[in-house]
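A.B. asks: Turn this into a model:
(one chain, ligands or ions: 1)
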Amino acid sequence: MKIKTIILIVTVIGSFLSIKAQSFSETQQDSLMGIWKDVTQQDTIRLNAIQRIAMEGYRFKNPDSALYYAQLQYDFALKTKHKNFQALALNTQGDYYLLKGNPDKSFDIFNLALKISEEINNKRTKLITLGNISRVYESKGNIEKALDYNLQILKISEDIQDKKGIGRSLADIGKNYARKGDLKSGLAYLKRSKNIFEELDDKNSIATVRSFIANVYMQQGNLDEALKLITINLAYFEDVGNKTLAAGCLSNLAGIYINQGDTKKALHYLEKALVHFEEIGNIPYVAKISQNMGQIYYEQGNLERALEYMTNSLKLSEVIKDENTEAAAKQKIGIIFTEQEKYSQAISYGNEALNFYQKTGDVMGVSSTSGSLTKSYIADGNYKKAFEMNELYYKMRDSLNSKENQKALIEVQVQSDYEKQKAIDDLNNEKKMVLEQQKTLAQQRISWAIGIGLLLSSILAYVIFNKLKETRKQKVIIEEQKKKVEQSEKHKEQFLANMSHEIRTPMHAISGMTNILERNKHPKSQDVFLKAMRTSSDNLVVILNDILDLSKIEAGKLDIESISLNLEAVVENFIQILKFKAEEKGLTLSYEISEDAPALIMGDPTRLNQILINLVGNAIKFTEKGNVKIFISSTNGQLHFEIKDTGIGIPKDKQKSIFESFEQAKGSTTRYYGGSGLGLSISKQLVDLQNGKIWVESSEGNGSAFYFDLPLTIPKTNAVGQRFISEDKLKTMAKSLKGIRILIAEDNPFNQMIAQDDLSYYIEDISIDTVENGMLAIDKFKSNNYDLILMDVQMPVMNGFEATKKIRDLEKSKGLATTISIIAMTASLLKTEIENCYNAGMNNYIPKPYKVEELIVPIFNELKSKNELS
Ligand code: ADP
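C.D. replies: Sure thing, here's the model as predicted:
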């Protein structure tokens with residue numbers, strides 16, 4: 001009878017004490033101790049009582065008082081040789097250090113407690129201690145270890161059939177899994193835990209586990225399920241009159257609605273939470289909620305309302321000396337003032353926040369405040385300061401290891417679509433990082449053992465709320481940018497397809513007509529004009545191809561071929577192309593292939609040729625006298641190329657940027673030398689695509705050396721793939737085509753002329769019919785016997801695709817053994833267009849504008865494969 005009364009008194013004193021402990025002096029505490037010392041003589045009751053007082057210290061957030069009593073308890077237990085109480089007191093002390101951010105110290109203390117509990121074989125104390133050690137590991141981020149300990153706890157709890165313990169450890173294990181990212185297992189354990197508490201009808205624990213489950217749902221992005229659970233919890237806590245936890249649920253709900261973009265609902269719930277916290281006098285949370293509401297009003301553009309709430313938050317946090325909330329409020333007030341064009345106030349608030357963050361080493365804080373201060377200073381016209389802040393901002397972002405992301409975010413406004421996509425990927429990564437942080441934080445803060453009676457849900461709510469808010473903003477930006485990128489990506493492709501076709505068609509006419517003029521009889525005096533026409537149209541085609549290539553590379557649509565090549569033939573080919581240019585300028589162009597280089601290699605002839613033409617072409621272009629030397633060797637499984645010139649050289653500071661699109665070493669380059677600044681960029685990307693590397697060594701005035709390495713693969717057989725065709729070979733091919741009958745379907749009369757002229761020039765006795773649309777092509781096909789059809793793709797009345805399909809259908813219905821060869825002539829080189837050609841039943845395609853070999857070789861190959869040639 002006596003004992004019960006005393007415990008009751010102690011509990012009351014305990015709660016009373018811990019609430020007021022801060023204002024008690026030690027002598028007062030001693031005298032209080034004196035009172036109950038006199039009341040009871042039993043050591044265990046005393047020890048129990050101090051234990052409770054200490055625990056109450058945690059409950060009322062007065063850890064210093066908890067530590068004080070725990071030490072008292074330990075000394076007393078030591079004196080009275082109560083080992084179990086020693087272990088318990090140590091656990092309370094360990095809690096203190098863990099709370100104060102000294103996990104190493106708490107780890108040692110807990111281990112001492114563990115030793116004692118094992119010594120006396122007290123399973124319950126051992127369970128508590130193991131739980132505490134697990135929390136230390138959790139706080140250090142070592143979740144594997146924490147999980148180990150929790151599994152041990154589960155086993156012991158099962159051994160001693162402690163159902164409540166089983167429920168708790170299941171929940172802890174569930175949280176560990178969730179934190180490790182294994183949300184599925186996490187959820188399974190949490191659900192098991194909830195079942196146990198349901199069996200025990202332990203409503204409080206059910207609610208707590210429910211909030212953990214809701215947390216996992218949030219992490220899974222399953223906000224609807226989370227919403228359901230939190231709503232149930234809200235009703236429960238309102239029902240039992242637990243305003244604090246109910247307010248926590250309200251904040252959680254607000255967080256979810258913010259994430260779903262429903263700020264109206266979010267405000268509604270925050271308002272309710274605010275009232276709850278005000279009622280229970282929880283000022284820290286009133287301050288925080290006010291700030292969150294201020295933020296929403298700010299985002300809605302209601303600056304006055306925003307300022308009102310932020311100022312309220314600031315005042316409250318000043319009162320309770322919550323410096324973090326205070327700094328955050330100041331930073332945000334600064335932002336609002338900037339928007340209101342009250343720059344000096346904005347700057348002063350911003351700097352106060354910045355000082356605090358710098359003092360506390362809060363990198364995130366410094367980064368965001370310096371970012372907002374940059375804007376304030378710019379608006380105020382103080383560019384020097386703005387620059388300083390901007391620098392600080394980047395430095396911080398750097399240390400947050402996300403400088404690239406931020407740069408990309410800013411550049412998003414000005415850069416090409418390609419850059420935008422990259423920026424978005426980076427941002428997505430950053431978003432992931434923030435979510436990861438959010439997870440870690442939420443999990444760190446929620447801890448079962450300390451959590452009994454603590455503001456579990458509210459802490460969870462705040463962490464998630466704040467993070468969700470940040471991520472939401474990013475999410476909106478990301479979504480918007482993504483949409484824009486996708487749209488512009490589509491437009492770009494369409495645009496390119498159209499433009500390519502539109503430009504190529506007249507280009508083909510110009511280049512083809514120039515050819516015809518050149519080979520027909522003409523006054524010698526016109527040579528120079530014809531040559532100018534030829535060079536100009538060739539240049540235009542190169543630029544057109546470059547732009548198309550670049551967009552193909554960006555869209556990941558450029559495929560690299562790998563066929564067997566004769567290295568020397570590749571080199572000879574581009575030397576033939578460039579030697580005239582070198583001769584014209586009086587330069588010596590020479591090459592050497594080292595003995596160790598294999599004769600045959602695997603590679604993409606077109607792309608290799610393109611890289612070499614770019615590099616050697618540049619060397620010739622930027623060299624006025626001297627020589628251009630090419631050296632090829634093979635080392636360490638790499639094929640190594642060197643292109644050295646004695647030209648103008650490249651300043652050191654430009655040697656990186658010239659590999660970027662549209663970059664030239666000097667602003668005057670285009671004027672003096674021509675070019676678009678695309679060649680090196682494409683070459684680099686082509687080298688990268690083949691897993692090689694490209695670099696330059698040069699100094700201004702002393703010539704340049706470009707190098708590139710490509711991984712070397714030697715073909716298994718000696719057969720050489722399709723390669724560059726010499727004029728002689730072309731003539732031989734053309735000869736074997738003698739007397740063929742061809743139908744040309746082409747609507748453009750110039751193109752008709754060119755094809756006719758080219759074919760008749762090269763192929764003896766060729767008979768050619770021409771029609772201007774697909775429909776007429778079918779008629780002609782029905783009534784004649786052709787060897788081959790050259791089919792333009794875009795034609796009026798019926799296009800080339802359709803006509804081809806109809807012809808193939810006709811052949812099928814007639815059960816013909818052989819089908820006619822149909823070769824597309826297309827001005828669009830986009831992969832989709834070419835795929836469409838094959839899908840329609842065409843056998844090959846010829847690009848427009850074409851080089852003569854591009855016309856003759858496919859015709860030859862087609863007819864040869866059918867043995868139609870002599
Ligand atoms: P373009 O030649 O069309 O301007 P590139 O991308 O091929 O574009 O080259 C980019 C820039 O790099 C050139 O404008 C020039 O300033 C510099 N450059 C490239 N090759 C050389 C070279 N061999 N010597 C000097 N400068 C060069």
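A.B. asks: mind checking how far the helix or strand encompassing E144 is from the chain centre?
C.D. replies: Here E144 sits within helix 143-159, counting by DSSP states H and E. Here helix 143-159 is found 37 Å from its chain centre; the criterion is C-alpha atoms, centre = their mean, to the nearest Å.
A.B. asks: try stretch 799-807
C.D. replies: For stretch 799-807, the distance to the chain centre is 44 Å (C-alpha atoms, centre = their mean).
A.B. asks: Would you mind getting the angle between the helix or strand that the helix holding E144 is followed by and helix 143-159?
C.D. replies: Scanning forward in sequence from helix 143-159 by DSSP H and E, the next helix or strand is helix 163-180. Helix 163-180 and helix 143-159 are oriented at 160 degrees to each other (axes from the mean of the first three to the mean of the last three C-alpha atoms, to 10 degrees).
A.B. asks: Now helix 163-180: buried residues?
C.D. replies: 165-180 (16 or more other C-beta atoms under 10 Å). To be clear about C-beta, it is placed using only N, CA and C from the backbone, and glycine gets the same treatment.
A.B. asks: now do stretch 217-230
C.D. replies: Of the residues in stretch 217-230, those buried by neighbour count under the rule 16+ other C-beta under 10 Å are Y217, M218, Q219, L223, A226, L227, L229, I230.
A.B. asks: ok, so of the buried residues of helix 163-180, who is nearest D262?
C.D. replies: For the buried residues of helix 163-180, the closest approach to D262 (C-beta to C-beta) belongs to A178, at 25.9 Å.
A.B. asks: give the contact list for the closest residue to I763 other than its chain neighbours.
C.D. replies: Spatial nearest neighbour of I763, excluding adjacent residues (C-beta to C-beta, 6 or more residues apart in numbering): L737 at 4.6 Å. By C-beta atoms under 8 Å, 6 or more residues apart in numbering, the contact list for L737 reads Y762, I763, I766, I856, I859, F860, L863, L869.
A.B. asks: Please apply the same query to L187.
C.D. replies: Per C-beta under 8 Å, 6+ apart, neighbours of L187: G174, A178, I213, V216.
A.B. asks: Widest-spaced pair of these?
C.D. replies: A178 and I213 (9.4 Å).
A.B. asks: follow-up on the earlier one: same list, the contacts of L737, but as JSON lines with secondary structure please.
C.D. replies: Below are the contacts of L737 laid out as JSON lines (DSSP: H, G, I helix; E, B strand; the rest coil):
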{"residue": "Y762", "secondary structure": "helix"}
{"residue": "I763", "secondary structure": "coil"}
{"residue": "I766", "secondary structure": "coil"}
{"residue": "I856", "secondary structure": "helix"}
{"residue": "I859", "secondary structure": "helix"}
{"residue": "F860", "secondary structure": "helix"}
{"residue": "L863", "secondary structure": "helix"}
{"residue": "L869", "secondary structure": "coil"}
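A.B. asks: Of the residues you listed, which is the nearest to the ligand?
C.D. replies: I856 (30.9 Å; C-beta to the nearest ligand atom).
A.B. asks: if I look at that closest one, how far off is T514?
C.D. replies: 18 Å (C-beta to C-beta, to the nearest Å).
A.B. asks: re the thing from before, which of the buried residues of helix 163-180 lies closest to I643?
C.D. replies: Closest approach to I643 among the buried residues of helix 163-180 (C-beta to C-beta): K180, at 52.8 Å.
A.B. asks: and that closest one, what does it touch?
C.D. replies: For K180, the contact set (C-beta under 8 Å, 6+ apart) comprises I143, E144, L147, G186.
A.B. asks: dump the residue contacts of the third one.
C.D. replies: For L147, the contact set (C-beta under 8 Å, 6+ apart) comprises S134, I173, N176, Y177, K180.
A.B. asks: Flag the least confident of those.
C.D. replies: Model confidence across those bottoms out at K180, which has 88.
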